[in-house]
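*Asks:* give me a model of this one.
(chains A and B)
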Amino acid sequence: MSIDARDHEDAEVFDGSGDDADDDGDNKSRVARWADDWIKHPEKAYAVMLVFLGGVLLTTSLFPLYWLFNVAMAAPGQTDIPLFPATVDLTAFVQVFQQVPFARFMFNSLFYAFTVTVFVLLVGSLAGYAFGRLEFRGKTPLLFSLLVLSFFPPATLFIPLFRAFNQQVPMLGLFTLPVELYGTPGAVVTPLSAFTMPLAIFILTTFYGQIPDGLEEAARVEGTTRIGALFRVIMPLSAPGVATAGILTFITVYTEFFFSYLMTGNSAAEWAPVVDGVLAFQTQYTVRYDLQAAASLIAIVPVAILVVVAQDKIISGLTQGALKE
Amino acid sequence: MAVEQGRPEVSSGSGGVLTRLGTWTENLSEQAYAYLLLTPAFVVLLLFAFWPLASAVRMSFFADVITGGNLGEFVAVQNYVQLLTNNNALAPAAFVDLSFQTPILEQALFMTVLFAVLSVTGETLLGFLYAMLMKAEYKGRRLVRLLIILPWAIPIVIQGMIFFLLFRPGYGLLTEPLQQIGLFSDLPLNTTFDSFVIVTVADIWKTSAFMALLILAGLESVNQDLYEVADVMGASRWQRFRYITFPLVFPVLMVAMLFRTMGALRVYGIIESTTVGCSTVPSMTCLVTQMMFGSSTLYGSAAAVSVLIAIVVGLFITVYLLFIKQSNQSLGLA
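*Replies:* From the prediction side, this is the model:
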């Protein structure tokens, strides 16, 4: 620090308001200017806060995924993964498909999710129509029984179902399932349909109940049958609700791991889900974390696309009534 | 269009049965028609949900047979008594130890309830902030919405792997700083407290996205005219939140929390998939699977635990429903 510089500082201090270093004085005036600006235009302050909050939240939300991407680009066997990768190396994303039939694993999971969704929407629509639009005895107890189902952990249902599928223990004590069913999609799709059905029925019930009676009657006068009215009038008018129920079911099944994992074998040809595909890079002696990370990221893509396409439908579906009990 | 043209032919070909079925349903009473529509759903539920459930409840009254995966003789409520008095010598962890000689986090009941309270609270707070961010209007909102929802769509096993890799010593980024400030031990994935924290954080990360979605739906359904009225009356931002947004979103918030509490009380997948493992963080559902698939098969006790889980979940739901009812009354919405 030279004498000149100090003189200069002093000169500045006299210009400013206090006897601190010039930095502080400058900041104060800048802060004061911001404050003035924000008091005059509160929207601006709000926008700044929003950007700040948004930045923090998005970082929280995305960091784990970024980290996964980072791991996927690391060299095989590398430890102490740095925050920023040294090189961009995407070979792991190709290797995933070369080392195991990963596409088939993904197909299996998507097949489960799709089949369960279609089945649940069809069967759940019939039930939702009955609960939402018809009066009958035993309505409340039946609806309540659906709620009670979700009190139990899925693991509870596993042993009896496993014995029914795998050891041919008679169902309801009455009949046995065919031996061939175990190890086929049927052993996964049927229980998962039963687990996802209650929520879908609840959502559809609310939506179908909201359609004015007049619209259905008009269709009936035009000569539509009762069943026809459900599929030609009620369902299309409740499109956001049907979409919401469908997407919730699809994502639940795709992300589920208990049943699809335990009811199938380990290889892709045995209808193993994508979980097995990710775990396939883990053998008794070696674990390829980079490939597991790459495989995981690839497995997220289909559901990410679904969310992109359907986000407005889900939000409007939930808004219009799924939650208004 | 081709479909439209094709339709008459199809219906004249195979529609005979459909038409007859249609006419038959026309003549049913409303009640009979309702039962007819409910039949397919309830047949599926009966076979793949109600029957296994009933048979699990029945199993809970029979003694364990350590090998072979069979059931012993009828013992009435003995399994329950053993679990509640922590007298089951073969149980992998205490369900509840009322003498409090086992640390809280090693007792399945308290550990799970604590997990549920912490994670649902965290998810609700974070979810609310996310929802506000998704609701505000600005350029690129669609992208922000997608990025916020994304964690919800991630398979549980992959979520588990992410957090396993983040916290694995010598690999992950987060372990060392946490060890330096003395929060984490040398082997976080083998220490109950550390693992409990990891599992809770992982759960909050994934499910606050779902929470945000539900809360956003609540925010969107608030009548926008109310805000205009508030503006005219000169309400501040805080007042708008305090007197309009919060009370109107509150019912949705309760339903969302109810859903999440049910999920959190049955936590299992994330514990297993972060490779934290059930022996470190014994949640209630963990006990069920350990007893079923462990070295000794304890079907009777496992079934008893799952009945106890259902009772705990049922109690929580009753409290929620009472609370919702009461707050609706106080808000004049009932």
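*Asks:* so, low pLDDT: which residues of chain B?
*Replies:* B:1-15, B:18, B:68-69, B:275-276, B:331-334 (pLDDT under 70).
*Asks:* can I see the domain layout of it?
*Replies:* B:2-59, B:83-331 (automatic domain parsing).
*Asks:* any chance of those domains in TSV, plus distance to chain A and mean neighbour count?
*Replies:* (Each C-beta comes from the backbone N, C-alpha and C, glycine too.) Converted to TSV, the domains of chain B look like this (distance: least, Cβ to the nearest Cβ, whole Å; neighbours: other Cβ atoms under 10 Å in any protein chain shown):
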stretch	distance to chain A	mean neighbour count
domain B:2-59	4	15
domain B:83-331	3	19
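*Asks:* among those domains, which is nearest A:Arg288?
*Replies:* Closest to A:Arg288 of those, according to Cβ to Cβ: domain B:83-331, at 12.1 Å.
*Asks:* run the chain-centre distance for the closest one.
*Replies:* 8 Å (Cα atoms, centre = their mean, to the nearest Å).
*Asks:* per-residue confidence at A:Thr91?
*Replies:* Confidence at A:Thr91, expressed as pLDDT, is 85.
*Asks:* and it, how close does it get to chain B?
*Replies:* Distance, A:Thr91 to chain B, by Cβ to the nearest Cβ, to the nearest Å: 19 Å.
*Asks:* right, and the domains of chain B - which one's nearest A:Leu177?
*Replies:* domain B:2-59 (9.1 Å).
*Asks:* report the distance from that closest one to the chain centre.
*Replies:* Relative to its chain's centre, domain B:2-59 lies at 30 Å (Cα atoms, centre = their mean).
*Asks:* so the most centrally placed residue in chain A is in which element?
*Replies:* In chain A, the residue lying closest to the centroid (Cα atoms, centre = their mean) is A:Ile251, at 5.4 Å. Element membership for A:Ile251, per DSSP states H and E: helix A:239-255.
*Asks:* what comes into contact with the next helix-or-strand element following that helix?
*Replies:* Using DSSP H and E, the helix or strand that follows helix A:239-255 in sequence is helix A:258-262. Residues from elsewhere that reach helix A:258-262, judged by Cβ atoms under 8 Å, 6 or more residues apart in numbering or on different chains: A:109, A:112, A:154-155, A:158, A:162, A:188, A:191-192, A:195, A:253, A:272-273, A:275-276, B:268-269.
*Asks:* tell me the helix or strand right after helix A:258-262.
*Replies:* helix A:274-279.
*Asks:* so is that next one next to chain B?
*Replies:* Yes: contact of helix A:274-279 with chain B (Cβ under 8 Å from any Cβ of the partner chain) involves A:274-275, A:278-279.
*Asks:* same deal with stretch A:137-149?
*Replies:* Yes: remark: stretch A:137-149 sits within contact range of chain B at A:137, A:139, A:142, A:145-149, by Cβ under 8 Å from any Cβ.
*Asks:* also stretch A:44-62?
*Replies:* Yes: Stretch A:44-62 lies within reach of chain B by Cβ under 8 Å from any Cβ, at A:46-47, A:50, A:53-54, A:57-58, A:60-62.
*Asks:* include neighbour count and pLDDT when you put the residues you listed into TSV, please.
*Replies:* Output for the residues of stretch A:44-62 next to chain B, formatted as TSV (neighbours: other Cβ atoms under 10 Å in any protein chain shown; pLDDT from 0 to 100):
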residue	neighbour count	pLDDT
A:Tyr46	13	77
A:Ala47	14	79
A:Leu50	14	79
A:Leu53	15	82
A:Gly54	20	83
A:Leu57	21	84
A:Leu58	16	85
A:Thr60	17	83
A:Ser61	23	84
A:Leu62	15	87
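*Asks:* can you put those residues in a markdown table and add distance to A:Gln210?
*Replies:* What follows is those, written out as a markdown table (distance: Cβ to Cβ, whole Å):
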| residue | distance to A:Gln210 |
| --- | --- |
| A:Tyr46 | 35 |
| A:Ala47 | 37 |
| A:Leu50 | 34 |
| A:Leu53 | 35 |
| A:Gly54 | 34 |
| A:Leu57 | 33 |
| A:Leu58 | 35 |
| A:Thr60 | 36 |
| A:Ser61 | 33 |
| A:Leu62 | 37 |
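*Asks:* can you put those in JSON lines and add secondary structure?
*Replies:* Below are these laid out as JSON lines (DSSP: H, G, I helix; E, B strand; the rest coil):
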{"residue": "A:Tyr46", "secondary structure": "helix"}
{"residue": "A:Ala47", "secondary structure": "helix"}
{"residue": "A:Leu50", "secondary structure": "helix"}
{"residue": "A:Leu53", "secondary structure": "helix"}
{"residue": "A:Gly54", "secondary structure": "helix"}
{"residue": "A:Leu57", "secondary structure": "helix"}
{"residue": "A:Leu58", "secondary structure": "helix"}
{"residue": "A:Thr60", "secondary structure": "helix"}
{"residue": "A:Ser61", "secondary structure": "helix"}
{"residue": "A:Leu62", "secondary structure": "helix"}
